[in-house]
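Student: Got a sequence here, can you build the structure:
(chains A, B, C and D)
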Number of protein chains: 2
Amino acid sequence: MRADARRNHARLLTAAASAFAEHGEGASLDDIAKRAGVGSGTLYRHFPTRRALLEAAYAARIDALAERGDELSRSLPPSEALTEWLHEVCVATIQVRGLKSLMGSAVADADSTPLTACGTVVRTTAKRLVEQARSEGALRPDLTPADLLRLTHGIATAAELGGGEKDTRRYLDLLLEGLRPLC
Amino acid sequence: MRADARRNHARLLTAAASAFAEHGEGASLDDIAKRAGVGSGTLYRHFPTRRALLEAAYAARIDALAERGDELSRSLPPSEALTEWLHEVCVATIQVRGLKSLMGSAVADADSTPLTACGTVVRTTAKRLVEQARSEGALRPDLTPADLLRLTHGIATAAELGGGEKDTRRYLDLLLEGLRPLC
DNA sequence: ACCTGAACACCGTTCAAGT
DNA sequence: ACCTGAACACCGTTCAAGT
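Tutor: This is a model prediction of the structure:
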């Protein structure tokens, strides 16, 4: 990769991050190219689709979420670790502007949407946490990690329609009540 | 209202309905005006915002949903009537193209989004069904009708990310499990 | 090998002119 | 009172020309 290409790539990423933060996932691509000081063609060369740019812009945030999953599974009992991690996914979905649609397609059915890098990372973490909670008998056996991620995304959507971040815990707890094995 | 105005209004509504069905809520307004055989200014005169047009295009569908709520509350025990109605809301949200964002803003917090006609109708029906289920002791007392509508919208979102309509029942049942009073 | 930016297509929105 | 459609602004996307 040529030096100027590498530099443009980096400038596009920072420009994209701030534009998405300001205007959400629909931010103008032309504006992003301008902020980065490159021609619009250069943006398309590096990131052929809006999704590719979104994915790249939030890769670090997604990795941080995966890292948090590992931390939680080390420091808490399995079922609490899972609960807490799903809550953090909810909060990130709501409060990080532009992340929502990316998370949505990351947890969508793999047959209908091609699996994204973000999807792989998030599913891997979910899988580990779910398996640990299940082996403790804290989770219905008929739920896949993908089910849980989708339901959590739904809860984030619901909380966003309500009071925002302050409803995430309450709504998630209601859901998780239904996910426990029947008593 | 002048005769041609009334005619244009009607033509715009049918054109909008088919365009939204084909291309979702983002359908081109210019294309809708063309299909209706009117100038674009006429569309804006009748429906100043995209939301106003969406609202008008789906008014009948929303009224039908309210009507179903009344039928269900007459023919089923309160808690089943509520469950069944919420399921029908889910199914409509997923399968009627373009309806989703309208339903979303209909159940959003009234402080952040001005209450729509669709919101009023849907909330009124939810309120009656929730009150009947609650008086039977079948529902947590800390849940408002708005909470339930938001959670249901979240469930529809989750099901859409998964297998579509075939997951609505399963996901909704999981949620409703958590909404029952603690045993 | 990579970049630039003009060019094209498309869309939303407004408004002067028309009936 | 209502309609028309040209005009403007804005955006996504491509690609010939340039280094």
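Student: Could you report the pLDDT at A:Cys183?
Tutor: Note on A:Cys183: pLDDT of 60.
Student: now A:Ile155
Tutor: pLDDT recorded at A:Ile155 is 98.
Student: cool, A:Thr49 as well?
Tutor: Looking at A:Thr49, its pLDDT reads 96.
Student: same thing with A:Asp4?
Tutor: Looking at A:Asp4, its pLDDT reads 94.
Student: How far off centre is the host helix or strand of it?
Tutor: Using DSSP states H and E, A:Asp4 maps to helix A:3-23. In terms of CA atoms, centre = their mean, to the nearest Å, the centre of helix A:3-23 is found 20 Å from the chain centre.
Student: what about that helix, near DNA strand C?
Tutor: Yes - Helix A:3-23 is in contact with DNA strand C by CB under 7 Å from any atom of the strand, via A:Asp4, A:Ala5, A:Asn8. For the C-beta atoms, the positions are set from N, CA and C on the backbone; glycine is no exception.
Student: got the contact list for that helix?
Tutor: For helix A:3-23, contacts defined as CB atoms under 8 Å, 6 or more residues apart in numbering or on different chains pick out A:1, A:27-28, A:31-33, A:35-38, A:42-43, A:46-47, A:53-54, A:56-57, A:97-98.
Student: Check which element follows it along the chain.
Tutor: The element immediately downstream of helix A:3-23 (helix or strand, assigned by DSSP H and E) is helix A:29-36.
Student: Going by contacts, tell me the helices and strands next to that following helix.
Tutor: Secondary-structure packing of helix A:29-36 (3 or more CB pairs under 8 Å, 6 or more residues apart in numbering or on different chains; DSSP states H and E): helix A:3-23, helix A:40-46, helix A:50-57.
Student: And the pLDDT for the residue of chain A found nearest DNA strand D?
Tutor: For chain A, the residue closest to DNA strand D is A:Gly41, as judged by CB to the nearest atom of the strand, at 2.8 Å. pLDDT, A:Gly41: 97.
Student: burial count for it?
Tutor: Residues within reach of A:Gly41, counting by other CB atoms under 10 Å in any protein chain shown, total 9.
Student: In contact with it: list those residues for me.
Tutor: Contacts of A:Gly41 by CB under 8 Å, 6+ apart: none found.
Student: Excluding chain neighbours, give the residue nearest to the residue sitting nearest the centre point of chain A in space.
Tutor: With distances taken as CA atoms, centre = their mean, the residue of chain A nearest its centroid is A:Met103 (3.9 Å). Of all residues not flanking A:Met103 in the chain, A:Thr93 sits nearest, at 5.2 Å (CB to CB, 6 or more residues apart in numbering or on different chains).
Student: show me what contacts the one you found?
Tutor: Shown in contact with A:Thr93 (CB under 8 Å, 6+ apart): A:Leu99, A:Lys100, A:Met103, A:His153, A:Ala156, A:Glu160.
Student: And A:Thr83, by the same measure?
Tutor: Listed by CB under 8 Å, 6+ apart, the contact set of A:Thr83 reads A:Leu172, A:Leu176.
Student: do you know how far the closest residue to DNA strand C within chain A is from A:Ala57?
Tutor: Nearest to DNA strand C, among the residues of chain A, is A:Gly41, at 2.1 Å (CB to the nearest atom of the strand). Using CB to CB, to the nearest Å, one gets 19 Å for the distance from A:Gly41 to A:Ala57.
Student: looking at chain A, which helix or strand is least sure?
Tutor: Each helix and strand of chain A was given a mean pLDDT (mean pLDDT, DSSP states H and E); the minimum falls on helix A:165-179 at a mean of 91.
Student: So which bits of stretch A:97-105 are buried?
Tutor: For stretch A:97-105, burial by neighbour count (16 or more other CB atoms under 10 Å in any protein chain shown) applies to A:Gly98, A:Leu99, A:Lys100, A:Leu102, A:Met103, A:Gly104, A:Ser105.
Student: again with stretch A:60-79
Tutor: By neighbour count on 16+ other CB under 10 Å, the buried set for stretch A:60-79 is A:Ile62, A:Leu65, A:Ala66, A:Arg68, A:Gly69, A:Leu72, A:Ser73, A:Pro78, A:Ser79.
Student: And stretch A:149-158, by the same measure?
Tutor: Neighbour-count burial for stretch A:149-158, counted by 16+ other CB under 10 Å, picks out A:Leu149, A:Arg150, A:Leu151, A:Thr152, A:His153, A:Gly154, A:Ile155, A:Ala156, A:Thr157, A:Ala158.
Student: could those go into CSV alongside distance to B:Thr125 and secondary structure?
Tutor: Converted to CSV, the buried residues of stretch A:149-158 look like this (distance: CB to CB, whole Å; DSSP: H, G, I helix; E, B strand; the rest coil):
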residue, distance to B:Thr125, secondary structure
A:Leu149, 31, helix
A:Arg150, 27, helix
A:Leu151, 25, helix
A:Thr152, 28, helix
A:His153, 26, helix
A:Gly154, 21, helix
A:Ile155, 23, helix
A:Ala156, 25, helix
A:Thr157, 21, helix
A:Ala158, 18, helix
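Student: Filter those residues to keep only those in contact with chain B.
Tutor: Among the buried residues of stretch A:149-158, proximity to chain B is found for A:Arg150, A:Leu151, A:His153, A:Gly154, A:Ile155, A:Ala156, A:Thr157, A:Ala158 (CB under 8 Å from any CB of the partner chain).
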